[in-house]
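# Following is a predicted model, sequence given first.
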Amino acid sequence: MPNYHNPQQQPRHFTPLPPDLANANDELINKIADEQGSEFARKIKTNQIRNVFSEITIIRSKFKQSKCWNEDIEKSLILLKPKLAYAKGRNRDVEPFQKLMFKAIEAIIVSKNRDKAISNFFDLIESIVAYHKFYGGKES
């Protein structure tokens, strides 16, 4: 049974992602990134987040080049899911990150404004990486 008087063992409650990522403002993105980056810093190695981040920067380049949402970008996002699942399979500590990324990808796919949603996604992942580093994320 957890000891709720010990803050190390209290269940953590995180700010949820909105169902449509286009509806996230800068403050919400920052809050989620800060909370999640802090949590991930305790469990996930820097290279594990960086591997996903490098895939996302490729998608970002495609988006900047095309200047709008297209099928290639959607395909790239959907195919990011198996890579996240693989990372989770290799290390169960990656599961919270994998789940957050799955939710974020879905919040882009269902968005009524996918251009804004994916732009917010890029800001979110970049901020998570920054907070992960700030909170002393584990090195390889």
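Sure, I can see it. Small disclaimer: the values here were computed from a predicted structure and weren't measured.

# do you know how far the residue nearest to the spatial centre of the chain is from Ile108?
The residue lying closest to the centre of the chain (C-alpha atoms, centre = their mean) is Met101, at 4.3 Å. Look at Met101 and Ile108: by C-beta to C-beta, to the nearest Å, they are 11 Å apart. C-beta: built from backbone N, CA, C; applies to glycine.

# Repeat that for Phe122.
10 Å.

# Pick out whichever of those two has more residues nearby.
Neighbours were tallied for Phe122 and for Ile108 using other C-beta atoms under 10 Å; the higher tally belongs to Ile108 (24 against 15).

# Now do the helix or strand where the more buried one lies: everything it contacts.
Ile108 belongs to helix 95-109 when elements are defined using DSSP states H and E. With contact meaning C-beta atoms under 8 Å, 6 or more residues apart in numbering, helix 95-109 is reached by 17-21, 36, 39-40, 43-44, 48-49, 52, 74, 77-78, 80-81, 84-85, 87-88, 114, 117-118, 121, 124-125.

# likewise stretch 67-81?
52, 55-56, 58-59, 62-63, 66, 101-102, 105, 108-109, 114-115, 118.

# Name the residues of it that are buried.
69, 73-74, 76-77, 80 (16 or more other C-beta atoms under 10 Å).

# Keep only those of those residues that are in helices.
Among the buried residues of stretch 67-81, the members found in helices (DSSP state H) are 73-74, 76-77, 80.

# Who are the packing partners of the helix or strand bottoming out on mean pLDDT in the chain?
Lowest on mean pLDDT, DSSP states H and E among the helices and strands of the chain sits helix 46-66, with a mean of 93. Where contact means 3 or more C-beta pairs under 8 Å, 6 or more residues apart in numbering; DSSP states H and E, helix 46-66 is packed against helix 71-90, helix 95-109, helix 114-134.

# Let's have those in TSV, adding mean pLDDT and distance to Ile32.
Shown next, in TSV, are those (pLDDT from 0 to 100; distance: least, C-beta to C-beta, whole Å):
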stretch	mean pLDDT	distance to Ile32
helix 71-90	95	17
helix 95-109	96	8
helix 114-134	96	7
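
# Identify whichever of those lies nearest to Ile29.
Closest of the helices and strands packed on helix 46-66 to Ile29 is helix 114-134, at 5.2 Å (criterion: C-beta to C-beta).
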